[in-house]
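[1] need a structure here:
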Amino acid sequence: MKLFLKFDFTKICNTILQEKLNACNFKFQQTAFGEVELLEKVTREQLDAFNSSIEDYGIYVIEDAKKIMVQKIKDAITDMVFNEQNNINVNTSVFLAEKLDQNYNYLSNLFSEITYTSIENYVILQKIEYTKILLTKEELSLTEIAYKLNYSSVAHLSKQFKNTTGITPSAFQRIIAKRKGNSIE
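    Numbering: from 1, shown residues only. Model (predicted):
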């Protein structure tokens, strides 16, 4: 028997962080997604122990200032794309500049320097990941998904989907349906 699961990644990450921080007896305040303020001084040994406890979950403490900003950019983009309450119709450059209180050119150059890709490409990757989730878990048509993700047309979404994944959204749906034991005509 197969079980098909839907995940709330934000809730999962927050729960893991809270459990691990509490296990280390840290007094903390979560200030934003992926950002925790420690309210008391901790030793390097305590921080190393915390790092070890979260690494198995694919969570890492970032200490380099540039990498911290890049992670904030990634988190903001993920929030923009995946968060139902956000307006994805806003221009990415405006959204990031306002959210991070930084000049967009600075953010763009820094992101490219650290990740070797553009912010625009990262946004496309996140939108395609969300499209895959919506095609797999939701009862939305490709037209509804294109509208939800602020694509100019279904053709534009389909082209980006194929360029990113190597297959069309329809082929993706057929593969998922086959795995679930259903068929899409």
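
[2] for the chain, name the helix or strand with the lowest mean pLDDT.
    strand 28-32 (a mean of 84; mean pLDDT, DSSP states H and E).

[3] how far away from the center of its chain is that strand?
    19 Å (Cα atoms, centre = their mean, to the nearest Å).

[4] then stretch 43-50?
    On Cα atoms, centre = their mean, the centre of stretch 43-50 falls 27 Å from that of its chain.

[5] the strands in this protein, which residues?
    Listed in chain order, the strands of the chain (DSSP state E) span 28-32, 35-38.

[6] next, the contact list for the residue nearest the centre of the chain, please.
    The residue lying closest to the centre of the chain (Cα atoms, centre = their mean) is residue 78, at 3.5 Å. Shown in contact with residue 78 (Cβ atoms under 8 Å, 6 or more residues apart in numbering): residue 126. The C-beta positions use only the backbone N, C-alpha and C, and glycine is treated the same way.

[7] and it, how far from residue 172?
    21 Å (Cβ to Cβ, to the nearest Å).

[8] what does residue 37 give?
    On the measure of Cβ to Cβ, residue 37 and residue 172 end up 41 Å apart.

[9] compare those two (neighbour count), which wins?
    residue 172 (19 against 10; other Cβ atoms under 10 Å).

[10] isn't residue 157 up against residue 148?
    No. Using Cβ atoms under 8 Å, residue 157 makes no contact with residue 148, being 10.0 Å away.

[11] looking at those two, which is more packed in?
    residue 157 (23 against 17).

[12] quick one, what contacts that one?
    131, 142, 145, 146, 149, 151, 169.

[13] where does pLDDT dip in the chain?
    Counting by pLDDT under 70, the ranges of the chain that qualify are 85-88, 182-185.

[14] domains for it, by residue range?
    Recorded structural domains for the chain (assignment: automatic domain parsing) are 9-55, 65-180.

[15] would CSV of those with distance to residue 2 be doable?
    Converted to CSV, these look like this (distance: least, Cβ to Cβ, whole Å):
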stretch, distance to residue 2
domain 9-55, 21
domain 65-180, 8
